[in-house]
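Participant: sequence unknown, structure follows:
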């Protein structure tokens, strides 16, 4: 069986018994019923995913930053030159970016996956070279990549997740880097949700009015050209997506197959999760939305997926920064379920 | 000079030079301008508070859980018996509560301050005995406490903060425990904001319809009886507040005087911050709202104070849990300002 088919076959819903046990245990902990709000729901989800109550602490954790370039950059959809993708990859590897600072705070490992950067990156200890091609083609003129290339990028993501889990990670976080990747994200989100490009295309890294207008127009032309079918998610990502979107979809599917929680970062992860939701809806049970970015398409994607973000602080950086901010919250949710005393054991009167 | 006057005299605004330096530095870091959203503002605030850019990392941190009882409990404003306050204090000291689980996750120290529990609590290593009186009086019949008692509770809070900072804490977090303390919080919030008790009185630990109606009525009767003057904040807290509110106000003022950031928990901290805002508005520059609780009065208080919460996940537990969830976010904000490379140093093209 090929790795994608094998991964899809391994994905199953949350285990009902562990879900019920976690819900019942939450109600016996020394706190008013429901007083931990969203954290109670998340702890129950993770119990169902692990098939045990309490579930294992989602630590150690690793963020995989999938980097790739985008042919649609030629449509001047961003003010930043394409070379910044490779420059930022080197910044990640040198430990100088926000993802490094946040990972140090959260105690998470950072790996960078070159799944399609336009230039060669020098080998480095934290760099995984899984380049499928040197960036996508310009989606306003031709498909971003071939279907087989999309599958190869997905398999790269599957294997990165598998290796991180084999090496001991109990929680995976999505990260991304790719100048122009909010354009491809908007195209994916419009394709899967049916929303108009004008509603889901934001200013990314800070596009001015004219650049934003070109960006919306590029998304609109790409969708008109390719007439994608949301029931064929690999076809959609191959036509209008990015290599990092395909890889992230594989990464999320793999986490779900391995019953390991995956914290989603921002709009790029949200677009990738739409691919996942179309391929294997049960895989979304492994996902926790780390944050809500200011990109309008991200809110649309989260709403479509039924995911509620843990952090909502107007970030729009990517790299995995929003997911990393949410990691300690996810860990606290599991600690509460695991470590808080029950009314009986603590001798506290229960009026729940 | 008495400790309160000394504390008030030491409070000063953010240092403008450090604020400007931090804002300018944020714009040179390897990220699009503004891409870290609220975290950029928070990092700038902490630089101004410390008077240095970057500011020190807000670690180690300590949460002080101020515990006290409330005479208004006699009005059946909650389903929980008063004895639960002391039972939960023992649970905190045994490490069995949610505040302990979250503090373990965040790497924060927990101290419990008995500033007015109705019964005696056995001495314990993490317990500070600063009891001013055995709970407040019933505010629907008489003032909660005397003005001098309110001042003594404030001084207790001032001294707890001072001692924690002397012992090495670079960040303080507010915590609270006291059955019926959301009733006193609602009275304080109505008094300081002028809002109707019906708008600011919530269900606390899960009051049913009838209990909630009694709670709103108790707040309304207390305010009608005491006719408090918001320009006399110590008079307000003495009339309708709690001993933990007075202590928390002192704790926050002390943090501000010592130029140490203080993360506010939920509605009890919000009510206490209104006391602070009336006594010394500049002290609010030391405050970061940790989270927004589901109590309607908390949103009113945050709006009145102009504070934006870092976490908004429908928690309503108190104890310091919401502030603890925000601590790693605050630390990440400072790490970004301190550790992220600049465009120049990293050799990344800058299109900001």
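Facilitator: Nice, I can see it. Treat the numbers as computed from the prediction; the structure is a model and nothing was measured.
Participant: contacts, neighbours, all on C-alpha from now
Facilitator: OK.
Participant: doesn't residue A:64 fall inside a strand?
Facilitator: Yes - read with DSSP: H, G, I helix; E, B strand; the rest coil, residue A:64 is one of the residues of a strand.
Participant: what number of residues lie near it?
Facilitator: Neighbour count of residue A:64, defined by other Cα atoms under 10 Å in any protein chain shown: 26.
Participant: residues of the stretch 251-352 of chain A that sit close to chain B?
Facilitator: Neighbours of chain B within the stretch 251-352 of chain A, by Cα under 8 Å from any Cα of the partner chain: A:310-317, A:325, A:328-329, A:331-332, A:335-336, A:339-341, A:346-352.
Participant: quick one: buried ones out of the residues you listed?
Facilitator: Neighbour-count burial within those applies to A:310-317, A:325, A:328-329, A:331-332, A:335-336, A:339-341, A:346, A:348-350; the criterion is 16 or more other Cα atoms under 10 Å in any protein chain shown.
Participant: tally of neighbours for residue A:147?
Facilitator: That count, for residue A:147 with other Cα under 10 Å as the rule, works out to 16.
Participant: wait, what's in contact with it?
Facilitator: Shown in contact with residue A:147 (Cα atoms under 8 Å, 6 or more residues apart in numbering or on different chains): A:234-235, A:238.
Participant: how about a cut-off of 6 Å?
Facilitator: Residues in contact with residue A:147 (Cα atoms under 6 Å, 6 or more residues apart in numbering or on different chains) are residue A:238.
Participant: for it, give me phi and psi.
Facilitator: phi -60, psi -40 (degrees, to the nearest 10).
Participant: swap in residue A:175?
Facilitator: Dihedral pair for residue A:175: phi -140, psi 160, per degrees, to the nearest 10.
Participant: give me the distance between it and residue A:63.
Facilitator: Relative to residue A:63, residue A:175 is positioned 6 Å away (Cα to Cα, to the nearest Å).
Participant: hmm, who's touching the helix or strand harbouring residue A:255?
Facilitator: For residue A:255, the enclosing helix or strand under DSSP states H and E is helix A:243-257. Where contact means Cα under 6 Å, 6+ apart, the residues beyond helix A:243-257 that reach it are A:7, A:10-11, A:66, A:68, A:150, A:153-154, A:157-158, A:161, A:272, A:276, A:283, A:286.
Participant: helix or strand next in line after that helix, which one?
Facilitator: strand A:262-264.
Participant: that following strand packs against which elements?
Facilitator: Packed against strand A:262-264 by the contact rule (3 or more Cα pairs under 6 Å, 6 or more residues apart in numbering or on different chains; DSSP states H and E) you find strand A:171-177, strand A:287-289.
Participant: neighbours of residue A:209, how many?
Facilitator: Each residue near residue A:209 was counted by other Cα under 10 Å, and the total is 10.
Participant: whoops, I mixed them up, residue A:303
Facilitator: Number of residues near residue A:303 (other Cα under 10 Å) recorded here: 12.
Participant: so what touches whichever strand or helix holds it?
Facilitator: Applying DSSP H and E as the criterion places residue A:303 in helix A:296-305. For helix A:296-305, contacts defined as Cα under 6 Å, 6+ apart pick out A:200, A:202, A:267, A:270.
Participant: so which bits of the stretch 1-150 of chain A are right by chain B?
Facilitator: Proximity of the stretch 1-150 of chain A to chain B (Cα under 6 Å from any Cα of the partner chain) is limited to residues A:32, A:35-38, A:80, A:87, A:96-98, A:101-102, A:105.
Participant: run the last query once more with 8 Å
Facilitator: A:30-33, A:35-39, A:79-81, A:84, A:87-88, A:91, A:96-98, A:100-102, A:105-106.
Participant: in helices, which of those residues appear?
Facilitator: Secondary structure assignment by DSSP state H places A:38-39, A:84, A:87-88, A:91, A:98, A:100-102, A:105-106 of these in helices.
Participant: sort out which one of the residues you listed lies nearest residue A:113 for me.
Facilitator: Minimum distance to residue A:113 across those is 12.4 Å, recorded for residue A:88 (Cα to Cα).
Participant: now do the buried residues in stretch A:138-156.
Facilitator: So, applying 16+ other Cα under 10 Å, buried residues of stretch A:138-156: A:138-140, A:142-147, A:149-156.
Participant: try stretch A:221-237
Facilitator: Buried residues in stretch A:221-237, defined by neighbour count with 16+ other Cα under 10 Å: A:221-223, A:225-226, A:228, A:230, A:233-237.
Participant: can you pull out the helices in the stretch 201-350 of chain A?
Facilitator: Assigned by DSSP state H, counting those that start in this stretch, the stretch 201-350 of chain A shows helices spanning A:209-226, A:233-240, A:243-257, A:267-279, A:296-305, A:321-339, A:343-346.
Participant: quick one: the residue nearest to residue A:10 when sequence neighbours are not counted from chain B, how far?
Facilitator: Distances taken as Cα to Cα, 6 or more residues apart in numbering or on different chains put residue A:257 closest to residue A:10, at 5.0 Å, once the chain neighbours are dropped. For residue A:257, the distance to chain B equals 27 Å [Cα to the nearest Cα, to the nearest Å].
Participant: repeat that for residue A:164.
Facilitator: Here the criterion is Cα to the nearest Cα. By it, residue A:164 lies 23 Å from chain B.
Participant: that residue in helix, strand or coil?
Facilitator: Assignment for residue A:164 (three-state DSSP): helix.
Participant: count the residues that sit near it.
Facilitator: Residue A:164, neighbours per other Cα under 10 Å, totals 20.
Participant: and for residue A:327?
Facilitator: 27.
Participant: cool, residue A:131 as well?
Facilitator: For residue A:131, using other Cα under 10 Å, the count is 21.
Participant: wait, doesn't residue A:223 sit right on residue A:192?
Facilitator: No - using Cα atoms under 8 Å, residue A:223 is not in contact with residue A:192, being 11.1 Å away.
Participant: tell me the pLDDT of residue A:1.
Facilitator: Predicted confidence (pLDDT) for residue A:1: 74.
Participant: which element is residue A:67 on?
Facilitator: Using DSSP H and E, residue A:67 sits in strand A:61-68.
Participant: make that residue A:125, sorry
Facilitator: Counting by DSSP H and E, residue A:125 is found in no helix or strand.
Participant: perfect, that will be all.
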